[in-house]
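Engineer: Let me see the structure of the following:
(chains A and B)
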Amino acid sequence: MMFDQIRDMLDRKGKSGIAYAKVVTLAETAIKEDGDRAAGYLVLKVIAERFIESTGRLPLTVTQVENAFDNFVSHLSALEHAYLTQDPSLVSKALNNVSVASLEPFDVSA
Amino acid sequence: MSSDFPNRQVIAETTAKMLIEIDAVHFSVDRPFTFTSGIASPVYIDCRKIISHPRIREMITSFSVSTLQREVGFEQFDAVAGGETAGIPFAAWIAAELGLPMQYVRKKPKGFGRDAQIEGTVKDNQRVLLVEDLTTDGGSKINFCNALRKAGAKADHTIVVFYYDIFQQTREKLTADGITLHSLATWWDVLTVCKAENHFDIHTLGQVEAFLNAPLEWSGKNGGATSISI
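Structural biologist: Take a look at the predicted model:
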């Protein structure tokens, strides 16, 4: 599974726009190389793209970036955990939950 | 067309004053901003505000043309291209002032072919000036110039209203890619004006200066990244 690589990439590259752009690229690679979990990588790619589109060059604070990172990692961990159980119903439930969450607007309240 | 050549220092100081006047300059020490690179910063500038101030945008356009004529020449460009999105209005005003065709460059290609990233007409070997509102690490300038080159143009110069001038790698990387950067003002110019005119408190200006002198160190101490990759 490449979830840990995606998490590490986002953390290592600064958790902001450039890091999410690298997550998109890595998720696309994961979709090709780990097809059994392609749907999970795809929804993470969607979330990363939404971060980039919704933040652009806005003056994000460190707190907002950290909150977005924590949010992303919680979705990633939920998917990772579900796939580890190898229970199709849990995988389906995690995919649905994260898909719904992917449409939530970026939280700029912090 | 502009025919006067205010010196670089006058252009820098006046540009800095105009940016401060329209609240394009933001300092926040206690709640730092985060660049797209992940660098934490006490400074943020929104050059897009210029478009809503006709007298200032006219002056910025005039300064840009003067800077280009002094630093590059009078007949060195065949067209002007704006980088999507913020660079487009500035490119339009400079193109109009210079009487040149205009294009704009997309962040990502749309469709197929060598000019998939360009809107407008590019001719082979056309000398195109890339225009953007600002540059931090220079990464997007390289992307845009390479897109213009792929379409057949010569894209060796770029001008921005504002250049952060805090990362040594910026000019080195642009130079390595055959791109010369021209700019009107930097954070150092803004800091000088803020000190001279008592904008912001001493603590804030001290932190801003500390960041400008050692941005990665300041970033690391304030929860941001400690390295950049262009």
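Engineer: all contacts plus neighbour counts: C-alpha atoms, from now on.
Structural biologist: Noted.
Engineer: near chain A, which residues of chain B show up?
Structural biologist: B:31-40, B:44, B:223-225 (C-alpha under 8 Å from any C-alpha of the partner chain).
Engineer: give me that answer again for 7 Å
Structural biologist: B:31-34, B:36-40, B:44, B:223-225 (C-alpha under 7 Å from any C-alpha of the partner chain).
Engineer: Strands - which of those residues land there?
Structural biologist: B:Phe33, B:Thr34, B:Ala40, B:Tyr44 (DSSP state E).
Engineer: Please identify which of those residues is nearest to chain A.
Structural biologist: B:Phe33 (4.2 Å; C-alpha to the nearest C-alpha).
Engineer: Excluding sequence neighbours, find me the nearest residue to the closest one.
Structural biologist: A:Thr61 (4.2 Å; C-alpha to C-alpha, 6 or more residues apart in numbering or on different chains).
Engineer: What are the buried residues along stretch A:33-51?
Structural biologist: A:37-45, A:47-51 (16 or more other C-alpha atoms under 10 Å in any protein chain shown).
Engineer: Those residues in strands, which ones?
Structural biologist: Among the buried residues of stretch A:33-51, no member lies in strands (by DSSP E).
Engineer: So which of those is the closest to chain B?
Structural biologist: So of the buried residues of stretch A:33-51, ranked by how close each gets to chain B (C-alpha to the nearest C-alpha), first place is A:Phe51, at 10.9 Å.
Engineer: for the chain, longest helix please?
Structural biologist: Picked chain A for this. helix A:62-85 (DSSP state H).
Engineer: that's the other chain; I wanted chain B
Structural biologist: helix B:54-71.
Engineer: which strands and helices sit next to that one?
Structural biologist: helix B:87-98 (3 or more C-alpha pairs under 7 Å, 6 or more residues apart in numbering or on different chains; DSSP states H and E).
Engineer: how about the CA coordinates for the helix or strand following the helix it packs on, as PDB?
Structural biologist: Downstream of helix B:87-98, the first helix or strand assigned by DSSP states H and E is strand B:102-105. C-alpha atoms of strand B:102-105 as PDB (Å, rounded to 0.1, in the frame of the first residue of the first chain):
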ATOM      1  CA  MET B 102      -0.500  39.500 -26.300                       C
ATOM      2  CA  GLN B 103      -0.900  35.900 -25.200                       C
ATOM      3  CA  TYR B 104      -1.500  34.200 -21.900                       C
ATOM      4  CA  VAL B 105       0.000  31.000 -20.600                       C
END
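Engineer: Thanks again, I'm all set now.
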